[in-house]
Structure formats: C-alpha cells, structure tokens
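Peer 1: coords below, sequence missing:
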C-alpha cells in the first residue's frame, strides 16, 4: 500500500514540472524588468505566440479594480515578417501568484516600434528556429529524464525495503490482497512513460488519467477539449490580407463562442467606410468586431457638455526623427522614432499616427476638415490617442513633408533615409485639451482607450486637404452615442 501511494505521487510530478513557466529576463530597465516564458512559444510559419511579462519595482493601481499590481503578464501574437503585434490576453498580478484581474483582448494588430517593450520580445521570439522549439523541447526532455531517473532510484530503494517483510505481503495475499511486487511496478511504468510523452509533445495524443484507476471516457473528453483551446496553432489572418475564417479554429488561445452566422454571410467583404463593408456592417464582417455594435463606450463622439476643470498638462516627449509612411488602404499612416507622452504618472510610447477626413470627432456639433490621431501605448497595454484637429488655413510644413513622400502604391511603405520630421511642430500652440474614455474608431472597436483631443486646431492648406481627398474622400466613422460619459475640458 505504501508503494502505491508513493508511486501515485511520483507519477504526478512530471506534469507539475512541465507546466511551470521558464521565465527568462530579456531586458532590465530603471523601474521594470521584461521577461519571456520560453516554454510558451508557439510557432506557425512567421507568426509566434508568446507569453511575456513586465515586473515593476513599484506598485501601480489598477484603474478598474482599484487593487495594486506589480506584474503584468501578456499573451501576444507577433508577426515576424511585418513586425506587428497583437496582444490577446493580459493578466495583472499583485505578486508572482496573486491575480488582480484578467482580461481577454480583441485588439488590433499594431506595428512594433524599435526600442519598445514589444520590440525586445519580438526580436527574441523571431530568432531562427535553431534556437526555438527544438532547443526548448530538448531542455524539457533532459529535465524530465533527470526526474525519471530520480523517481526510479526512489522506487528501487522502496522496493529493496519491501523485499524483507515478504511474509507480511504473503499474509495479505492470503486474505485477498494482490501481491504489491507484481501489481505496483507494472502500473507505474506505463504511467511514467505516458507522462513523459505528454511532457515532450504539445499535441494531445490521449492524456493519462489523473489517478491509478483506468480513465473512463467522461474524464478523457474534457481533458482533450482543454488542450484544443490552449494549443491551437492556427494563425489569425491579418484583416488587410484575407477575411478571418469562420468558427473557432482561427481563434487560438481566445476561443470565441459568439454567433458566427453574420460573419459567414459577409466573409468575403473587407471593412471599409461605405458600401457593404461600411461601419453599419463592421460587426457582421467578423465575429471579433461585435464590440463595434454592442459597445457602450464607442468613439468618435460629439464632444459637448463637458465639465471645465484644471487638467494636468500632457508632457510631450517628441523628438525629431526619420519616419516611415504607408498608405494602408484605410488611411495614410506614419511611424517615427523615440517619442512618448506622460500623464498621471504613466508613460505612453507613440506607436503611429494617421489621418481622417473629415475629422471623426465633433466639438459642440462642429466637424473639422481633417484630424490627425496620434496612437500611444503604455506598458500595461492601455492606449492613449492624442487628436489634433486640422482646419483649412495656411500651409502646414509638417504635413507637406509627409505628402512629399507619399507612397505611389498602397501597402508599399516609404522610408526616406535622411528626411526628418518633428511632431512638436504639428501640435497647436495651446496644449489645452478635452478628455474622455472611448474606443478605437476602426474594427475591432476595442474599448478602454483614453482620448485626449486638443482644443485648438492646427491649420492645413486647401491644396493639402485636396491631396488627401484624392486618396480618401471620407474615411471617418459616424458619431457614436456618448451614453452619459464624463467629458472633462481644460479651462
């Protein structure tokens, strides 16, 4: 009986060891440490799904739960070809073990800018495969082999102890008990072998039962279902290349159980600003866009009836930089070097900025000729968008530099090697602003976005507006209900 108990405990050990994350520090900076779980990497062609985390020196307060946290774990898909990233799950923890809040994210792919947190993880996970899955599997096998050797040594020791009191075992057998020497060993070795195979392989070939009792079908079924959700390798198709296939196979870690019929009906249509792919149909084009229809804090809105308060000034940390400009089929988008903003003790790195015509937001019922949206992202994943309204007036030298380098074809970026731009020159003289909580204004319309709309518009010439109009006459989402949201206005 004693051998059976020990054997049961030993069989369970390999599962605990293989499930433990192997955190590797890939960057240490003042105030934070960036780590990667090497055992979490899932590769599919040029796409890699990885689990990373930021460990902070000082606690921050979670805006939703009000609880403090020091660790932010995230599961992110990285496209090694396009250098873009899409975070699909985020976990806030008070420490190594205590979870404050988890959230599944139906966000959008964003380009990874050099020097950012995502850039450091991307460079690590997109290394050649020779240091990828095979190396990880080899290390896992070596650890499992060492554990197996220790288990077998312990078993031999216990068996040696059990050989002397053979008379006791015989008397047990006389009363109907099975001889332990014949029953324990055959039952242990197959389970150890199955456990080792499970540790080596991510695919689910028939998991072993959790107890010595033979596993009935009703136990095996849920186990298989769980593995299917968490190890799916099917890539998430990029919206600009092809519509997402219907069903759950493409959802990977984020198993989506929403109704798929509308997405099936519109699977051949790509999102746009008019026609069958227009804003009224965004939620029907892809089941991951359902927030576009049912969200309660959508953007843009008509900014009015705000409360006038003394708002903290936005600290703009913009530096002159070279740039990369692309016409992505929805707008003209630009990426620059090291730039960020700071507000309420949090720093948001600039990811990209782009343009809409006319302005998506209204101010007291008034639209402007155009707007520039500057998209920033903090370490905890929150987005902050600075909106610079553009009105017809004098020529804007900053805009003209961009238009001079406009790509001749869509999705073919241009990166002038020596031309630089300074985003500070785009900002209006007065840095006063409106602020409210909203969403992305394009699919999947993810909420929780901090909007910072500059009150004073910048000027652009009629010719500059007309140049953009030749590409996009109207690429603005309609105004969304404010739903009684609090709007603050700097006084």
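Peer 2: Yep, that arrived. Source: prediction; values computed, not measured.
Peer 1: going forward, measure contacts and count neighbours with C-alpha atoms only.
Peer 2: Noted.
Peer 1: Any regions of this protein where pLDDT drops low?
Peer 2: 1-19, 63, 106-108, 114-115, 128-140, 143-144, 158, 161-268 (pLDDT under 70).
Peer 1: by contact count, what packs against the helix or strand where residue 76 lies?
Peer 2: Residue 76 belongs to strand 68-79 when assigned by DSSP states H and E. Contacting strand 68-79 under the criterion 3 or more Cα pairs under 8 Å, 6 or more residues apart in numbering; DSSP states H and E are the following elements: strand 47-61, strand 84-93.
Peer 1: Count residues in the vicinity of residue 338, would you?
Peer 2: By the other Cα atoms under 10 Å criterion, the neighbourhood of residue 338 contains 17 residues.
Peer 1: likewise the one 10 residues further on?
Peer 2: When neighbours are counted by other Cα under 10 Å, residue 348 registers 23.
Peer 1: repeat for residue 396
Peer 2: Per other Cα under 10 Å, the neighbour tally for residue 396 reads 16.
Peer 1: Next one: it relative to residue 319, how far apart?
Peer 2: Applying Cα to Cα, to the nearest Å, the value for residue 396 to residue 319 is 18 Å.
Peer 1: what's the answer for residue 291, then?
Peer 2: According to Cα to Cα, residue 291 and residue 319 sit 35 Å apart.
Peer 1: Which one's more surrounded, these two?
Peer 2: The residue with more neighbours, out of residue 291 and residue 319, is residue 291; 20 against 16, by other Cα under 10 Å.
Peer 1: hey, where'd the helices end up in the stretch 51-200 of the chain?
Peer 2: Taking DSSP state H, counting those that start in this stretch as the test, the helices found in the stretch 51-200 of the chain are 117-125, 133-163, 166-174, 180-200.
Peer 1: returning to that earlier point: reformat the helices and strands packed on strand 68-79 as TSV; add mean neighbour count and distance to residue 37.
Peer 2: Supplementary listing: those in TSV, determined by neighbours: other Cα atoms under 10 Å; distance: least, Cα to Cα, whole Å:
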stretch	mean neighbour count	distance to residue 37
strand 47-61	19	6
strand 84-93	21	14
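Peer 1: closest one to residue 111 among those?
Peer 2: Closest approach to residue 111 among the helices and strands packed on strand 68-79 is made by strand 84-93 (4.2 Å; Cα to Cα).
Peer 1: quick check: domain ranges of the protein?
Peer 2: Annotated domains of the chain cover 31-127, 263-291, 302-490 [automatic domain parsing].
Peer 1: Which stretch among these is buried most, on average?
Peer 2: domain 263-291 (a mean of 20; mean count of other Cα atoms under 10 Å).
Peer 1: which residues does residue 309 bridge with?
Peer 2: Note on residue 309: beta-bridge partners by DSSP bridges are residue 490.
Peer 1: you'd agree it is up against residue 488?
Peer 2: Yes: using Cα atoms under 8 Å, residue 309 is in contact with residue 488, at 6.8 Å.
Peer 1: Overlap of the contact sets of those two?
Peer 2: With Cα atoms under 8 Å, 6 or more residues apart in numbering applied, the contact sets of residue 309 and residue 488 do not overlap.
Peer 1: follow-up on the earlier one: and the helices and strands packed on strand 68-79 as CSV, adding distance to residue 366?
Peer 2: What follows is the helices and strands packed on strand 68-79, written out as CSV (distance: least, Cα to Cα, whole Å):
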stretch, distance to residue 366
strand 47-61, 37
strand 84-93, 34
